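Chemist: Let me see the structure of the following:
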Amino acid sequence: MRLWLLDADVIIKFLEIDVFDKLAGLHELHVASSVICEVKYYHRNGKKISVDFRKQYIDAGLVIESTASVDEIQDILKLLPSLKREAIHAGEIESLAILVGEESLTLCTFDAAAIRTLPFLSVTERAISAERLLSASGLTLSSGHKLDVRLSETYFKNNIDIGKKDFIYSIEKK
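Modeler: Residues are numbered from 1 along each chain as shown. Prediction:
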């Protein structure tokens, strides 16, 4: 699977629960340039672990870096109502711009605001919850880790449903 990791939060969480390297071995992982510098450390077993994401994953060829053009970012911003634009960060906007342009990518995130933008961009069907990704990849959590509710399929679907309703309401207002 060509997997698009939307933001630093999902990367950090996958590092924390000790599945990121396994995902990198199973899938072609992609991240936006603006996200790479945000991944500086993660916590595991009560310890703060530093990570040089560029060196360990990008330079090593385990993760592919992509950059959106200013025009691609502006196109995405035009599709989103102002409240949606204000709810997501610059790195997420760049990531969404790349996702829209690269139709073979499958998105994984647990950021509620970003998930809720997917119906506005017509990419809902190309998104997957972390729980479903882990299951489809044959991965289970290491001993001592339990699934964060934000990674669950239920959380993901609930936010997709909210995004779909927001999209419908935005059309009715036009």
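Chemist: what about L118, how many neighbours?
Modeler: Burial of L118 is recorded as 22 neighbouring residues (other Cβ atoms under 10 Å). All C-beta spots, glycine's among them, are computed from the backbone N, C-alpha and C.
Chemist: Kindly apply the preceding question to K84 instead.
Modeler: Residues near K84, counting by other Cβ under 10 Å, number 20.
Chemist: cool, the one 3 residues further on as well?
Modeler: A87 has 16 neighbours, counted by other Cβ under 10 Å.
Chemist: helices and strands around the helix or strand of the chain with the lowest mean pLDDT, which ones?
Modeler: Counting by mean pLDDT, DSSP states H and E, the chain has its least confident helix or strand at helix 82-87, which shows a mean of 86. Applying 3 or more Cβ pairs under 8 Å, 6 or more residues apart in numbering; DSSP states H and E, we find helix 82-87 packed against helix 112-121.
Chemist: hmm, who's touching the helix it packs on?
Modeler: Helix 112-121 is contacted from outside by 6-7, 76, 79-81, 84, 87-88, 92, 95-96, 99-100, 107, 109, 124, 127, 150, 155-156, 159-160, 162-164, 166-167, 170, using Cβ atoms under 8 Å, 6 or more residues apart in numbering.
Chemist: Just the buried residues of these.
Modeler: The neighbour-count test (16 or more other Cβ atoms under 10 Å) marks 6-7, 76, 80, 84, 87-88, 92, 95-96, 99-100, 107, 109, 124, 127, 150, 155-156, 159-160, 163, 166-167 as buried among the contacts of helix 112-121.
Chemist: quick revisit: let's see which of the contacts of helix 112-121 end up in helices.
Modeler: Among the contacts of helix 112-121, the ones falling in helices (DSSP state H) are 76, 79, 84, 87, 92, 95-96, 99-100, 155-156, 159-160, 162-164, 166-167, 170.
Chemist: neighbours around the closest residue to Q56 other than its chain neighbours, how many?
Modeler: Using Cβ to Cβ, 6 or more residues apart in numbering and skipping residues adjacent in sequence, the residue nearest Q56 is L62, 7.6 Å away. Using other Cβ under 10 Å, L62 has 15 other residues around it.
Chemist: change the start of the numbering to 5 and stick with it
Modeler: Will do, 5 is the new start, and the previous item becomes L66.
Chemist: Hmm, L33 and L66 touching each other?
Modeler: Yes - with contact defined as Cβ atoms under 8 Å, L66 reaches L33; the gap is 7.0 Å.
Chemist: Tell me the spacing between the nearest residue to D115 once chain neighbours are set aside and T128.
Modeler: Excluding the flanking residues, the one nearest D115 by Cβ to Cβ, 6+ apart is D11, at 5.6 Å. Computed as Cβ to Cβ, to the nearest Å, the D11 to T128 distance reads 17 Å.
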